Structure formats: C-alpha cells, structure tokens
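**Q** Whatever this is, show me its structure:
(chains A and B)
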Amino acid sequence: MKKEESVKLISAEGFEFVIDKKAAMVSQTIRNMLTSPGSFAETQHREVTFPEISTTILEKVCQYFYWSLQFASGKETEFHIEPELTLELMMAANYLHT
Amino acid sequence: MSNQKKRNFQIEAFKHRVVVDPKYAEKTWKILEHAIHEIYNHNASGLSFEELYRNAYNMVLHKFGEKLYSGLVATMTSHLKEISRSVEAAQGGLFLEELNRKWTDHNKALQMIRDILMYMDRTFIPSTHKTPVHELGLNLWRDTIIHSSKIQARLRNTLLDLVLRERSGEVINRGLMRNIIKMLMDLGASVYEEDFELPFLEVSAEFYRGESQKFIECCDCGDFLRKAESRLNEEIERVSHYLDARSEAKITNVVEKEMIENHMLRLVHMENSGLVKMLLDDKYEDLGRTYNLFRRVGNGLSTIRDVMTSHLRETGKQLVTDPEKLRDPVEFVQRLLDEKDKYDKIINLAFNNDKTFQNALNSSFEYFINLNPRSPEFISLFVDDKLRKGLKGVSEEDVEIILDKVMMLFRYLQEKDVFEKYYKQHLAKRLLSGKTVSDDAERSLIVKLKTECGYQFTSKLEGMFTDMKTSQDTMQGFYANHGADLGEGATLAVQVLTTGSWPTQPSITCNLPAEMSTLCEKFRAYYLGTHTGRRLSWQTNMGTADIKATFGKGQKHELNVSTYQMCVLMLFNNAERLTYKEIEQATEIPAPDLKRCLQSLACVKGKNVLRKEPMSKDIGEDDAFFVNDKFTSKFYKVKIGTVVAQKESEPEKQETRQRVEEDRKPQIEAAIVRIMKSRRVLDHNNIIAEVTKQLQSRFLANPVEVKKRIESLIEREFLERDNNDRKLYRYLA
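**A** I've put the predicted structure just below:
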C-alpha cells in the first residue's frame, strides 16, 4: 500500500490500523480531518488518534469501512455485528459521522 | 450502522454521558478558543483536528452547545473587528487588495472552523434553529466589515471609480475586481444589489446620459450608433469579466435606454445621416447596426419601419406621379423593379429578413403603385417590351427571373382586370405580328398568371394561343387544296381568331387591292366550306404584309409593312402622285390610322419610301404623295415602323377604362348572386364587404357600383328587400 493512499488510525489502547484513505473517508469526520484546508497535525502525519475508541470497536469500524465501500459498489452482503458491541459501536458511529 | 439503527439508540447514548467536572466546559472552550485564534493567525499546523473535534463534540453532547456557539460568535466578531481596522487603514489603491486578502483568509479560516465544529453544525444548530457556522461567518463579515461605516461607502466609491476609469480607457485590475464582486455575491444577492448593482446602474445611467448628449450634438447618426454599439459590447464584456451574469440585462437596458431609446426619433430623422440617408445610400452595415440596436428597445423596430414606410411611400409616390418619369413605361416599370430590388436587398442584408419589414415593403408598394391608374397598362407594356425584344440573348433562367419580378408587381395591383385587358391587347399584337421572341416565355407568364389569379383569368389568353395554332393548320390545309390554282401571285396567311378571346375592335374593313381581295375570297370559300355555321370578317387593321418594291435606280427592297400601309403602297403601282383625299377615298382606311401609316411611310428618316409635299412633320388633308425614287437603304429587307405598342392616348385610355368598367358589371353581379345564394339573407354592408373580398384578386370593387348592381338585380327579381328592414336583402330562388 502506498503511503499517500493510506492512513493510520490509532485506538485508545494504542493499536494502529493502517487502512486505505478511500475507506477511511467513509467517515465524514475523518474525511474533514484529512481534507480541511488548514494543515492540521492529522493531515501532516496521516495518522489519527482516537482516545475514546477501543481497539475492538475501531477494528469493527475499519471492517465496516470496507464493507460500506463494497456495499456502495453494489455488493449487497450482511454486515454482522455482535450484540454486545452494538452500543459502543453506535456511539463511535455518531462521533465519526458514519 | 445504518441510519435507522443509529436513530434508535441515540437517546440512550446521551444518557450514558454524565458530566462530572463543572469546570469541564470552561476548560474545553478555552482550548477551542485558542485554536480559533491560532487559525486566524495562520498557525494551525500544530493543532490536532481530532482533539478539537472531540472537544467540540463533547461540549455539544454535554449540553454546552449554547456556550460554544456564543463563544464562537464573540471570538469571530473580535477577529473581524481587528481585520476591519486593518482594512480601514489601507491607503488608496491598497484598500481593495487588503480587503481581498483578508477575505480570502477569512474564508479559509471559516472553513477550518466549520470543519472542527462540524458536530455542532450537524446536531445543535438545526435543533435550535441557529445560523450554520459558514453562513454565520459570512453574516458577521458583512455586518462588521462591509457594512461598517468607514468601509461601506468607500468600497462602493472605489468600485464605481474603477468602472468609470475603465470606461474612459484605463486598464484596471479586473481579477481583483472580480474577486471583490464575487465576495459581494457570496454575501448574498441583496448585498450585491444594494451595495454595488443599484448605485452602479444609477451611475451608468448618468454617465451614458451625459455621453449620448455629447455625441448627439457632434456626431452623425452612423457614428453615434457605432459608438452606442461599442459601448453596449463593452458593458456586456464587463459583465462577463467581473459582474454577476444577472446584471447583464440590467446594464444593457440602461445603455439601451440612455443611448438609443431617448434619442431614437432624433437619430432616425437626422438630416444627411439619418435612416433615410442610409436607405438612399444602401448603407447595409449602418442599417444592420440600426436594426440590431433598435431591436433592443421597446418600439425601436416600429420606429424604423415607420420611417422606412413613409420614405418609401414618398419616393414611390414621386416615382409614379412624376410626369417626366411616366413618359417611358418600360423605364417606369424598370424603376419600380429597381426600387423593389433595392429594398429587398436592404431587408435581406440589414434587417434580418424581418417579416414585418417585408410586409411594410409590400404594403408600401401596393399603396403607391395603385396611386397611378396607369400602372397596369405600364406593367403590361413592360412585359410587351421584354417579350418583343428585351429577351434576346438572355438565358432562360434570367427570363424567368424577370417574369417573376413582373408578377410581383402584378400582385400589388388592385385592378388586375385592367392589366388583363391591356395584356390581352398587347399579346394580340405580339402574336399577330409574329413579334414574340419566345413562345416558352409567353407560356410561362400565362402559367404564372393562372396560378396567381385562377383559370378564369387566363382562359382567354390561352384561347389566343390555341387560335394561332389552329390557324397554322388551316393555312396548310388551304394551300394543300388550292395550291395549284393560286399561281405565282401573292400569298396569304390568315389567322382565324375566335371572337371573344381576342380584344374586340370595331372591324372597319378597308378596301384591299384587287389581287388581295380575290385571294381572300378564295380563303373564305375554303374556310366556310370546311366549317359550317361560322362567320368570317376581316380585321385589316391588325395584319402585316411583305411587299417587293423596285425604286428609281433599279434597286430592289422587300418592305415589311402593315396591311394598311400595303394598301396605300399598292395604289402607287398605278399612279405617280396621289393626294391625301384620293388615298383616303381609295382605301377607306379610318382617318387617324391612315395618318399614322402615312406618317411612318413618308416622314421617318431612312424609311421614307414615299415623298410628301409639302415636306413637314405632320400629315395634312391637302398633302400630296409620291414614290420616293431616291430611297436607299443598306439592307435588302426594310421594316417600316409599324404600330408598335405604345402608351394609349387619352381618349383611348378613356375607352379602355370604360370597357373595363363594363366588364366588371357582370362579375360584380355574379359575385353578388353567388354570395346571396349561399347566405339567403344579408344586409347591405356585409354584401359589400363580401363582394370586395371575393373580387379582390381581380380588382377593387367600387361600393357605389356594387350598390347599382344590387339595384339592378332587385329589378330583375334575383333579390328583394326585406319588408321590415330595408337594409336587408333576400335571395329569390
């Protein structure tokens, strides 16, 4: 994966997820972070830290990003969510505007 | 994480967040406020978007949205005040540049602020009906900067001054101008309109009012319009470069009104350069410009049209009533055609082939052609001239073009039946004297007349052609039968004409020479022998003859003369000297015809086969005639000037006129009967209107005459007056 097209998402526990920029931009919040005209720290270093999102959730979020891209391109599959994650996932979604 | 699920759980998520730290809000806001300062100071690179976003997110989530929002307003306002001061401080030309620079900065900062406060934009603002961040930023900019007392007027004056400088030829920074105007438009249409467009339009109106006043005093019409056009294009260009596209219509309107509409009448009536002058000089370019500019204003085109129409009517009237110009009918019609060509070309090249102009042209022609009662005659004479000699060496297409043009004039005639009358006479002369140049052209014209006026109009004309054809066959038959016993004497060619098809002329038979009359009798016997129940009478006034003559020194010539002239000349076979009286007695030719024919035999130079005593221009009752032994000519064949179709003399004209009136009577009656048959009952005015309409293609019915015809029909019990309403007529079957 080329550096220009990827971003690093860091969870509360410090786990790093390197994913496609395109996938990350499914989140409106992350999209703004990466495209805002001012040179914020995130835009410069191409990494975003989420001190309020746990690793499990961030992992699920990243999975969702990829699933959403596929879904948008016409591949309609189920996205499975474990019931115990639902609430936290919801909150992350609201935060990330996904 | 679809939308639906999110909505279901949102409320629960809120409940989970309970604020612990009371100073939390204060602390968080400090962080955000600091960030906003940094952003305005171009120092954002150290900031973490996520942190700021999270802070703003949490503030909104913990019900501190109101604090966040009001804090934002306060911070932004204080920054804008600062900017306002720095813009105010900018000197002269730097003012706009400073303003533009700050505007760009503000825009960028505003976008960053909006991004980090996006969560507030998304949730807090719609639920509390506040102004979204971006719009808030623009409004604050408008209120604190553009509408600040020190900037508002200065900005407007600077912009207007720049426009004025550009109008007077200076080069200005259009890019900067465009940015500033764009800013005004971004701040909302009303800002653009109030702070720039309205004063701009006012100032422009003022400017163009002054300029057009100046121009109209010192320029001619063409120059003025050229300048107006270039100004108009400048304004359109200006709009495309740095104004809002919606302003184009408004500013062009101002220019049109100030430069054209207010001066329209003065312009077109300018002496030596106005519209009339342009028309006279075929100034297609100027005319086209006038058309295009005037088209933009309310009644511009009708003004041009009125001027053109009145000018056309005026010149046309002069053309058709000037006795000087009426002398030569061919020239007269040619002038009409030239005039028509001229205006057709103008309308085509300069007036965009505008239909309304074409109609105006047509109605003008119709108006003035009919001013002269002799127009039908002249048009027919023109055709006669063309078909006799004018078409030699002209290709078929050109013939068609000329005929089409003539038809166009014909269409303008109101008294088409008068034309028919003359045309018939002229055609008859052409056919009988064998002078017609092209049979095809003749027929093509007949076809045109037929399509224009219907079968009835041309049936007699066609009959004339048929007669010519059958006569040829008859003559062949005659010579086949009698060829043997006719010997070597004179030969005869007879054209048998159907009465009615040909223009009737009182047939006054002259005394034919003995050689001829025997021949004629033989033909009569032959013709009546083959066709029973017919009557033949000789129209000696219409014939021609070829005779061989030997003159004094033995030179021989073949003379091409009319029948009358032939009769006169034959008399000199047996006499040396004849007086006018003797000739008149011997031939019994009617006096006016005899005079004319003697004149052409004795008085035309180069063709004077007779000698007259005394020598004078006119034929007197006491003149005596001799064969002119000294007659010479380069040619073997000599054509003696014959009855060329000429303008009619005054009494002849009266006579034709009367005949036309006479012919109209049955047509009017027929029309009345046709109308009444279908309508049964109709009042007087309606009858007149309908009759006029029906007969329009042939002539303009005179209401008085129509009334007379109605009375005549009542007398003959075709119609009756209604017993109650005397104005009503009833048809009696």
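**Q** tell me the domain ranges of chain B?
**A** Segmentation of chain B into domains, based on the TED database, reads B:22-145, B:150-267, B:303-466, B:544-639, B:653-731.
**Q** chain center to the last one: distance?
**A** Computed by Cα atoms, centre = their mean, to the nearest Å, the separation of domain B:653-731 from the middle of its chain amounts to 35 Å.
**Q** okay, how far is it across it, tip to tip?
**A** 37 Å (Cα to Cα, to the nearest Å).
**Q** now swap in the longest one and tell me
**A** Here the two ends of domain B:303-466 are set 53 Å apart, with distance taken as Cα to Cα.
**Q** what about that domain, distance to the chain center?
**A** 18 Å.
**Q** again, but for the fourth one
**A** Using Cα atoms, centre = their mean, the distance from the centre of domain B:544-639 to the centre of the chain it belongs to is 55 Å.
**Q** Identify the residues contacting stretch B:254-263?
**A** Applying Cβ atoms under 8 Å, 6 or more residues apart in numbering or on different chains, the external contacts of stretch B:254-263 come out as B:201, B:204-205, B:208-209, B:211-212, B:216, B:224, B:228, B:231-232, B:235, B:267, B:293-294, B:296-298, B:300. C-betas here are computed from N, CA, C, even on glycine.
**Q** An error on my part: the question was meant for stretch B:168-182.
**A** B:96-97, B:99-100, B:103-104, B:155, B:159, B:162, B:165-166, B:192, B:196, B:241-244.
**Q** So how do I select the buried members of those residues in ChimeraX?
**A** The buried residues among the contacts of stretch B:168-182 can be selected in ChimeraX (16 or more other Cβ atoms under 10 Å in any protein chain shown) with this line:
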select /B:96,99,100,103,155,159,162,166,192,196,242,243,244
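**Q** Return the subset of the contacts of stretch B:168-182 lying in helices.
**A** B:96-97, B:99-100, B:103-104, B:155, B:159, B:162, B:165-166, B:192, B:241-242 (DSSP state H).
**Q** Of these, which pair is most distant in space?
**A** B:104 and B:165 (24.3 Å; Cβ to Cβ).
**Q** Where do the strands of chain A begin and end?
**A** For chain A, the strands defined by DSSP state E cover A:6-10, A:16-20, A:47-49.
**Q** name the helices or strands packed onto the second one?
**A** The reference is to strand A:16-20. strand A:6-10, helix A:55-72 (3 or more Cβ pairs under 8 Å, 6 or more residues apart in numbering or on different chains; DSSP states H and E).
**Q** what angle sits between it and strand A:6-10?
**A** 150 degrees (axes from the mean of the first three to the mean of the last three Cα atoms, to 10 degrees).
**Q** Compute the inter-axis angle for strand A:16-20 and helix A:55-72.
**A** 10 degrees.
**Q** then strand A:16-20 to CSV, C-alphas only?
**A** Only the C-alpha atoms of strand A:16-20 are listed here, as CSV (Å, rounded to 0.1, in the frame of the first residue of the first chain):
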residue,chain,number,x,y,z
GLU,A,16,-2.6,1.0,14.9
PHE,A,17,-4.8,0.2,11.9
VAL,A,18,-3.3,1.2,8.5
ILE,A,19,-6.1,1.3,6.0
ASP,A,20,-6.9,2.9,2.6
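**Q** low pLDDT regions in the chain?
**A** Picking chain A for this. Counting by pLDDT under 70, chain A has low-confidence residues at A:1-4, A:38-39.
**Q** I was thinking of chain B, sorry if that wasn't clear
**A** In chain B (pLDDT under 70), the answer is B:1-22, B:390-394, B:483-489, B:504-508, B:606, B:641-649, B:733.
**Q** In it, which helix is the longest?
**A** From DSSP H, the single longest helix across chain B is helix B:455-486.
**Q** List the buried residues for whichever helix or strand comes after that helix?
**A** Counting by DSSP states H and E, the next helix or strand C-terminal to helix B:455-486 is helix B:514-530. Neighbour counts over helix B:514-530 (16+ other Cβ under 10 Å) mark B:516, B:519-520, B:522-523, B:526-527 as buried.
**Q** Output the contacting helices and strands for helix B:514-530.
**A** By 3+ Cβ pairs under 8 Å, 6+ apart, helix B:514-530 packs against helix B:455-486.
**Q** Check which helices and strands the helix it packs on is in contact with.
**A** helix B:416-432, helix B:439-453, helix B:514-530.
**Q** Columns mean neighbour count on top of the strands of chain A, output as CSV?
**A** Output for the strands of chain A, formatted as CSV (neighbours: other Cβ atoms under 10 Å in any protein chain shown):
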stretch, mean neighbour count
strand A:6-10, 19
strand A:16-20, 16
strand A:47-49, 20
